[in-house]
Structure formats: C-alpha cells, structure tokens
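*Asks:* Sequence and computational prediction follow.
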Amino acid sequence: MMKRYAIGIDIGGTNLRAGLVSEEGEIVRKIKKPTTEKVFESITEAIEEIRHDEIVGIGLGVAGLIDRETGRVLVSSSLHAIEGMNLVDEIKKIFNVPVFIENDANIAALGEKIGGAGRGFRNFVLLTLGTGIGGGIIYQDKLLNVPAEIGHMSIKSDTEKCQCGNIGCLENYASARAMVTNAVAMLEKGKESLLTECCKGSFYKLTPEDIYSAALDGDNLSRDILRDAGKNLGVGLANIINMLSPEAIILTGGLIGAWNIYVQEAIKEASRRAFKHLFNSVKIIRSSLVDDAGIVGAAYLVFNELSRDTC
Ligand code: BMX
Ligand code: ZN
C-alpha cells in the first residue's frame with residue numbers, strides 16, 4: 001500500500017515548526033522558523049517548503065482558543081494576525097487537501113501519546129511550560145475534545161487581571177513570562193543579583209535561561225524566582241491531580257531545562273496539597289518528543305480524522 005504522509009504544523013507565539021510525517025510516525029523532514037507578524041504567510045511558506053506530492057492532509061496546532069468544528073481561531077493573544085480567521089478554509093483554498101486544526105498544547109499531548117512519553121498511559125495530562133502554559137488531556141487513549149486551557153485556571157483570587165480576562169491565572173505565576181516579569185521587578189527595586197551583570201542593566205533583555213544559569217551559579221534571587229514559580233506550578237498540579245487523577249502528568253516546553261529547581265519545587269508543593277492516594281499514583285515526567293510533539297500530533301490529527309471519516 002502507498003505510504004501516506006501528512007504535514008503537521010505547530011504554530012506557537014514565538015516559533016513555527018512544520019514536519020512531513022509518515023503514518024508510521026517517522027518525521028521525514030522538518031523545519032523551524034520564527035513566527036512573524038505575517039502569521040498566515042509564515043504558515044503557507046512553511047507548507048510550500050515541506051510539502052510532498054503524496055500528502056493526505058495538513059494538521060495545524062495553534063496557540064489559542066480554537067473551534068475544531070468550523071476551523072476558526074477564536075482567540076489567540078500571541079497570534080493576533082489570525083484571530084477570527086477560518087484558518088482551515090483559508091489553507092484548504094490554497095493547498096486543496098483536507099485540513100484540521102487543534103490547540104497547540106492539545107496537539108502536543110496527541111503527539112506524546114502517539115510517539116512519545118505518553119505511549120504507556122491511557123490517561124495523562126500534558127502541560128507546555130513556555131512563554132505561556134498550555135494543556136492537553138488524553139483520556140482512555142483519546143485526545144479529549146476540550147480547550148484544556150490549564151494555564152488559565154485561577155490559583156489566586158484577588159490579583160491583577162490576565163490577558164484572557166480571568167483573575168489569578170496559573171500562567172501569570174508559573175510561566176517563563178511570569179519569571180522574567182518577577183525578576184525585572186526585583187532588579188528595578190535594586191535587589192542584589194548576578195542577573196544585573198548578565199543583562200548589563202537592560203533588564204528587558206532578560207531570559208528564563210539567564211535566570212536558570214544564575215540560579216545554578218548560586219544567585220539567591222534567581223533561585224527564589226524559580227522556586228516561587230515552581231510552588232505556583234505545584235498548586236496547578238495538585239488541582240489537576242485532585243480533579244482528574246491522571247496516571248501521568250507529562251511536562252514539556254522551554255522551562256523543563258530548569259527541572260532541578262522549578263519542577264522539583266512544583267512536585268514538592270503538589271505532594272503537600274493533593275490527596276495522598278492520588279499523588280502517589282501519578283507519575284510526573286518529561287516529554288520525550290519535546291519540540292517535535294506538536295508536529296507529530298498535528299500530523300496524527302489528520303490520519304485520525306481521515307480514518308474516522310472512512311468508517
Ligand atoms: C496560552 C494560550 C494557550 C496556549 C499556551 C501555550 C494563547 C495564544 N495561548 O495560555 O492556548 O496553549 O499559552 O502557548 O491564548 P505557547 O505558545 O507559549 O506554547
Ligand atoms: Zn488567563
């Protein structure tokens with residue numbers, strides 16, 4: 001039987017990743033480009049660059065609130081250029097193949113289920129720990145068709161508003177963006193830290209990597225910021241464990257590099273808060289596909305949807 005390929009595209013606020021994936025789960029080709037202001041053009045250029053004559057479809061993983069049925073991007077605070085657009089219809093018009101769409105973290109969960117750390121579990125929750133915090137839920141071996149906007153669960157009640165309209169979102173206390181905002185505020189107050197040297201006084205250039213390497217060099221402010229963000233993440237993990245009691249929580253995204261301080265603190269906090277029986281039966285582990293999870297998941301969205309349509 002002819003080998004079938006699909007294109008999987010992972011469109012995050014910072015980078016866009018595209019891959020040509022076989023039905024056996026092999027990534028034949030992949031590219032990574034910055035997500036420019038012209039998001040739609042970036043997507044079509046990536047498809048042109050990676051396409052293959054025999055593709056059966058295109059899967060799109062988009063950061064934001066998605067309507068899977070209509071193919072529309074409802075809300076995307078980091079991809080304003082395609083907000084409100086029916087991305088599925090627009091891509092279909094150009095490439096004339098079936099197109100499917102899902103939230104970026106949801107599609108990463110599908111990727112880990114198909115070819116990564118999620119293969120051995122029937123029920124798990126995936127969190128993307130990056131600029132924002134995304135979520136995806138695999139339940140009884142299937143991707144749950146829900147927004148799973150875990151980064152926007154409230155963990156504090158009386159603080160400033162999130163860009164999503166909610167108050168006290170997990171993302172504003174545990175994401176990379178939260179860490180940098182915290183660090184800049186402390187440095188502007190004149191707090192002693194190695195971070196002052198590394199960004200030579202231009203605090204806006206600070207990155208989460210700077211914070212983590214300063215923490216490894218013994219910088220107390222950086223350690224406190226990572227521990228504080230980890231503690232907040234732990235509140236979110238405890239909520240997930242008590243609500244869903246998954247077999248596993250799979251963590252992915254840039255912040256996984258700070259596992260030893262940030263994630264360890266989160267696991268400690270979750271153990272303090274969640275039901276003991278539930279905490280003891282959940283494995284909190286790293287993604288194995290890492291940046292490729294979105295590409296694999298988006299391609300499998302195509303294979304899954306096409307096989308659904310045929311039965
Ligand atoms: C935000 C939200 C989620 C997304 C998560 C991770 C937007 C644009 N994004 O919480 O839909 O999954 O960020 O996004 O509203 P990333 O691009 O940082 O991985
Ligand atoms: Zn929010």
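*Replies:* Yep, that arrived. Ligands and ions are numbered 1, 2, ... in the order given.
*Asks:* Can you show me the strands along the stretch 101-250 of the chain?
*Replies:* Assigned strands in the stretch 101-250 of the chain, in chain order: 124-129, 133-139, 142-143, 248-252 (criterion: DSSP state E, counting those that start in this stretch).
*Asks:* Residue 181: which of those strands is closest?
*Replies:* When those are ranked by distance to residue 181, counting by C-beta to C-beta, first place goes to strand 133-139 at 14.0 Å. In short, each C-beta sits where N, CA and C put it, glycine included.
*Asks:* Please identify the buried residues of that closest one?
*Replies:* Of all the residues in strand 133-139, those buried under the rule 16 or more other C-beta atoms under 10 Å are 133-138.
*Asks:* and those near ligand 2, which?
*Replies:* By C-beta under 5 Å from the ion, no member of the buried residues of strand 133-139 lies near ligand 2.
*Asks:* Now render those residues as TSV, adding pLDDT and distance to ligand 1.
*Replies:* Below are these laid out as TSV (pLDDT from 0 to 100; distance: C-beta to the nearest ligand atom, whole Å):
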residue	pLDDT	distance to ligand 1
133	96	6
134	96	3
135	97	7
136	98	8
137	98	13
138	98	16
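*Asks:* do you know how far the residue in the stretch 151-300 of the chain that ligand 1 sits nearest to is from ligand 2?
*Replies:* Closest residue of the stretch 151-300 of the chain to ligand 1, C-beta to the nearest ligand atom: residue 151 (3.7 Å). Applying C-beta to the ion, to the nearest Å, the value for residue 151 to ligand 2 is 7 Å.
*Asks:* Likewise for residue 132?
*Replies:* 9 Å.
*Asks:* and residue 234, what does it touch?
*Replies:* Contacts for residue 234 (C-beta atoms under 8 Å, 6 or more residues apart in numbering) come out as 265-270, 272-273.
*Asks:* Same check on residue 60?
*Replies:* Contacts of residue 60 by C-beta under 8 Å, 6+ apart are 9, 11, 43, 87-88, 91, 99-102, 298.
*Asks:* hey, which helix is longest across the chain?
*Replies:* helix 220-244 (DSSP state H).
*Asks:* How far away from the center of its chain is that helix?
*Replies:* Between the centre of helix 220-244 and the centre of its chain there are 17 Å (C-alpha atoms, centre = their mean, to the nearest Å).
*Asks:* could you give the angle of it to strand 124-129?
*Replies:* 150 degrees (axes from the mean of the first three to the mean of the last three C-alpha atoms, to 10 degrees).
*Asks:* Quick check: phi and psi at residue 30.
*Replies:* The phi/psi pair for residue 30 (degrees, to the nearest 10) reads phi -150, psi 150.
*Asks:* my guess is it meets residue 294, correct?
*Replies:* No: taking C-beta atoms under 8 Å as the definition, residue 30 is not a contact partner of residue 294, at 10.7 Å.
*Asks:* Counting neighbours, go ahead and name the busier of these two.
*Replies:* Neighbours per residue (other C-beta atoms under 10 Å) separate residue 30 from residue 294, with residue 294 holding more: 38 against 17.
*Asks:* could you measure that one against residue 202, distance?
*Replies:* For residue 294, the distance to residue 202 equals 32 Å [C-beta to C-beta, to the nearest Å].
*Asks:* Residue 77 too?
*Replies:* 25 Å.
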